[in-house]
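# Here is my input; please provide its structure:
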Amino acid sequence: DTSLNKINLMKLDIQGHEVEALKGMGDMLGIVEVIITELNFYDLYLKYLSFTELESCLAPYGFKFYDISHISKNPLNGRTDWVDIIYINTNLIKL
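Model prediction:
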């Protein structure tokens, strides 16, 4: 049997196209335990993703925001440019 029944960790860094990738996974998203993804706070790559868009894609599969693992500050103005955020699938992992 070569079927995949669990993915422990998925890391996404695809410049604002995370929702398209997640939607493309379909129901396979339900077997992912942890997702780490980059979230830009402005259109650094001509496209950016909001918390709302990301959560609307992840929530139906049981994902809950867990933590911010990295904050990238702009050295010129001190503004937060982007963060790496962690989501946990609470259907698979109890917090």
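# Trp82 and Leu39, how far apart?
6 Å (CB to CB, to the nearest Å). Using the backbone N, CA and C atoms, a C-beta is placed for each residue, glycine as well.
# And the closest residue to Leu22 other than its chain neighbours, what's its pLDDT?
In space, and not counting its chain neighbours, Leu22 is closest to Cys57: 4.9 Å by CB to CB, 6 or more residues apart in numbering. We have a pLDDT of 92 for Cys57.
# for Arg79, same thing?
Residue-level pLDDT assigned to Arg79 equals 89.
# for Tyr45, same thing?
57.
# go on, the one 3 residues further on?
The model reports Tyr48 with a pLDDT of 66.
# Where does pLDDT dip in this protein?
Across the chain, residues meeting the criterion (pLDDT under 70) sit at 1-2, 42-48.
# show me the contacts for Glu33.
6-9, 88-89, 92-93 (CB atoms under 8 Å, 6 or more residues apart in numbering).
# Check Leu95 too.
64, 66, 88.
# Mind checking which of those residues are in strands?
Counting by DSSP state E, the contacts of Leu95 place 64, 66, 88 in strands.
# where does the closest residue to Asp13 other than its chain neighbours fall, phi/psi-wise?
Excluding the flanking residues, the one nearest Asp13 by CB to CB, 6+ apart is Glu38, at 4.7 Å. Glu38 adopts backbone torsions of phi -80, psi 140, taken as degrees, to the nearest 10.
# Excluding covalently adjacent residues, which one is nearest to the residue sitting nearest the centre point of the chain?
In the chain, the residue lying closest to the centroid (CA atoms, centre = their mean) is Thr37, at 3.6 Å. Leaving aside its sequence neighbours, Thr37 sits nearest to Leu12 (CB to CB, 6+ apart; 4.2 Å).
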